[in-house]
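Undergrad: Based on what follows, work out the 3D shape:
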Amino acid sequence: MSAAPLPEAVEGQLAEIGRADLLVGIPSYNNAQTIGHVVRAAAAGLGKYFPGAKAVIVNSDGGSTDGTREIVAGADLPDLATVLVSHPAPAIARLVTPYHGIPGKGSAFRTIFQIADTLDARACAVVDSDLRSITPAWFELLLRPIVDGHADYVAPLYHRHKFDGTITNGIVYPLTRALYGKRIRQPIGGEFGFSGDLARVFLAKPVWETDVARFGIDIWMTTTAVAEGCHVCQAYLGAKIHDAKDPGGDLAAMMTQVVGSCLDLMEVYEPVWASVQGSEAVPLFGFPRAVGVEPIRVNVDRMIAVFVQGLKDLWELWEKVLPAALLGGLRDAASASAVACRLPDALWAEVVYRFALAHHRKLLPHEHLLRSFIPLYLGRTASFVLEMWAAGPEEVEARIEALALTFEETKPLLVTEWRRSP
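TA: From the prediction side, this is the model:
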């Protein structure tokens with residue numbers, strides 16, 4: 001697939017740079033308050049942990065109007081000679097460029113992949129621009145496994161608030177683990193390392209006019225790396241403190257595009273996942289430790305209200321997707337008192353698989369199917385929050401692992417029904 005053209009000024013900068021050993025990409029859109037810190041952390045990490053390497057920092061911006069690009073261009077990068085006095089590093093090149101295509105993170109990544117390809121970069125990392133907890137050490141953890149040849153792809157592992165990342169915890173992690181057999185705990189974490197060769201694989205895929213170019217890029221990258229047999233690992237980065245959101249807030253667009261990407265990838269990689277049984281751990285770089293996280297406000301009443309309303313408004317549609325026993329279980333959960341709303345793991349795993357089957361069989365238009373899933377997701381999230389309200393981090397993590405195991409145990413139903421599909 002032909003790449004989108006880069007701005008002429010950027011092409012000139014790339015020609016002047018020639019090639020690079022390392023590349024750090026930072027997609028952005030109106031992140032003036034945080035991006036300066038992210039850029040300085042990247043420069044300090046590259047200088048400290050990879051002295052002598054020729055490195056490039058790329059800001060791929062989606063049309064910020066708050067001065068984001070100007071902050072990157074004018075950021076006072078550390079004097080690398082003072083970071084490691086005995087090993088002064090060469091100056092780190094800095095590129096600031098708008099991206100073209102569908103508005104979204106994926107289009108920003110496409111530009112980063114193009115630049116990595118042009119510069120023949122050996123190892124790359126991408127990090128979000130709204131991070132407040134990022135440190136120079138993150139770049140050692142994301143890039144070192146690639147540089148040393150231990151991995152082709154590095155996924156992040158964070159310590160997060162127990163109610164942060166509910167799309168990951170309730171859907172994406174258990175589903176991708178059961179499908180592809182790798183225990184990648186945060187497959188849509190936002191920060192990744194990857195080889196230059198893998199960047200070229202990503203760039204060549206025909207996905208850049210789809211929802212992958214919006215919010216689906218993280219799960220698409222992780223799934224592509226695993227399904228195509230790349231060596232994958234995780235890097236423990238500590239706390240992820242960013243602009244977190246209430247899991248009951250307006251996440252409709254993000255959730256439908258992330259889950260939609262998962263379902264689309266099931267079509268592409270069915271020959272891979274249909275034969276996978278169980279799961280296995282992947283190597284971990286870094287030292288897991290308890291760290292402080294910021295609290296998250298959760299509006300459980302709103303989530304339950306949307307779930308209950310969904311039962312009234314979407315019942316006829318859900319009847320096309322879910323068998324009577326599941327619908328009965330959902331009705332029981334909704335009829336319980338607010339504090340007793342529970343969607344059991346086995347019910348939830350089958351609900352997710354039944355929606356995957358409905359997507360495969362094209363029972364409903366893609367957008368209608370995914371939007372009708374939102375009240376169910378909110379009901380399950382409310383159930384999890386209520387159950388884990390007083391639980392500590394270890395108990396919460398054990399609970400998520402139990403859910404993932406239930407997805408694995410329920411997977412034969414998915415495989416059998418998928419093969420029966422016309």
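
Undergrad: Report how many residues lie close to the spatially closest residue to Phe109 that is not a sequence neighbour.
TA: In space, Phe109 comes closest to Ile217 once its chain neighbours are excluded; the distance is 5.2 Å by C-beta to C-beta, 6 or more residues apart in numbering. To be clear about C-beta, it is placed using only N, CA and C from the backbone, and glycine gets the same treatment. For Ile217, the count of nearby residues is 29 (other C-beta atoms under 10 Å).

Undergrad: quick one: Phe109 and Pro7, what's the gap?
TA: Going from Phe109 to Pro7 by C-beta to C-beta, to the nearest Å gives 17 Å.

Undergrad: So which of these two has more stuff around it?
TA: Per other C-beta under 10 Å, whichever of Phe109 and Pro7 has more neighbours is Phe109, with 26 against 15.

Undergrad: so where do the strands sit in this structure?
TA: 22-28, 55-61, 93-98, 123-126, 153-159, 192-195, 232-239, 284-285 (DSSP state E).

Undergrad: How far does the fourth one sit from its chain's centre?
TA: When distances are taken as C-alpha atoms, centre = their mean, to the nearest Å, strand 123-126 is centred 15 Å away from the chain's centroid.

Undergrad: go on, the longest one?
TA: Averaging C-alpha coordinates over strand 232-239 and over its chain gives two centres that are 13 Å apart (C-alpha atoms, centre = their mean).

Undergrad: any weak-confidence spans in the stretch 51-200 of the chain?
TA: By pLDDT under 70, the low-scoring segments of the stretch 51-200 of the chain are 78-90.

Undergrad: 80 instead, please
TA: Per-residue confidence for the stretch 51-200 of the chain (pLDDT under 80) gives these ranges: 77-91.

Undergrad: and if you look at the stretch 251-400 of the chain?
TA: Counting by pLDDT under 80, the stretch 251-400 of the chain shows low-confidence ranges at 251-255, 288-295, 336-339.

Undergrad: Might one say that Leu357 is in contact with Leu414?
TA: Yes. Between Leu357 and Leu414 a contact is recorded at 7.0 Å, counting by C-beta atoms under 8 Å.

Undergrad: which residues sit in contact with Asn59?
TA: 26, 28, 35, 39, 68-69, 72, 94-97, 129 (C-beta atoms under 8 Å, 6 or more residues apart in numbering).

Undergrad: can you tell me how far it sits from Arg214?
TA: Going from Asn59 to Arg214 by C-beta to C-beta gives 19 Å.

Undergrad: Do a quick rundown of the helices in the stretch 201-350 of the chain.
TA: Ranges of helices within the stretch 201-350 of the chain are 217-227, 252-268, 270-273, 300-313, 315-319, 324-335, 345-361, based on DSSP state H, counting those that start in this stretch.

Undergrad: Now for Leu322: which residues touch it?
TA: For Leu322, the contacting residues are 330, 351, 354, by C-beta under 8 Å, 6+ apart.

Undergrad: can we see that at 6 Å?
TA: Arg354 (C-beta atoms under 6 Å, 6 or more residues apart in numbering).

Undergrad: And for Ala346?
TA: Contacts of Ala346 were listed using C-beta under 6 Å, 6+ apart, and they are Thr406.

Undergrad: make it 8 Å
TA: Contacts of Ala346 by C-beta under 8 Å, 6+ apart are 406, 410.

Undergrad: which stretch among the strands of the chain comes nearest Thr381?
TA: Nearest to Thr381 among these is strand 153-159 (18.9 Å), distances taken as C-beta to C-beta.

Undergrad: Report the inter-axis angle for that closest one versus strand 232-239.
TA: 30 degrees (axes from the mean of the first three to the mean of the last three C-alpha atoms, to 10 degrees).

Undergrad: so how far is strand 153-159 off the chain centroid?
TA: Here the centre of strand 153-159 is set off from its chain's centre by 10 Å, with C-alpha atoms, centre = their mean.

Undergrad: can you check stretch 160-168 too?
TA: 12 Å.

Undergrad: who does the top helix by length along the chain touch, helix- and strand-wise?
TA: Longest helix in the chain by number of residues, with DSSP state H as the criterion: helix 393-420. Identification of packing neighbours for helix 393-420 by 3 or more C-beta pairs under 8 Å, 6 or more residues apart in numbering; DSSP states H and E yields helix 173-180, helix 345-361.

Undergrad: Just name the most buried of these.
TA: Comparing the helices and strands packed on helix 393-420 by mean neighbour count (mean count of other C-beta atoms under 10 Å), helix 173-180 comes out on top with a mean of 25.

Undergrad: which strands and helices sit next to that one?
TA: Against helix 173-180 (3+ C-beta pairs under 8 Å, 6+ apart) you get helix 217-227, helix 252-268, helix 270-273, helix 393-420.

Undergrad: how many neighbours does Val126 have?
TA: If you count neighbours by other C-beta under 10 Å, Val126 ends up with 27.

Undergrad: Let me fix that, I meant to ask about Leu326.
TA: 17.

Undergrad: Next, the contact list for it, please.
TA: Per C-beta under 8 Å, 6+ apart, neighbours of Leu326: 347, 350-351, 354.

Undergrad: at 10 Å what do you get?
TA: Taking C-beta atoms under 10 Å, 6 or more residues apart in numbering, we find Leu326 in contact with 318, 346-348, 350-351, 354.
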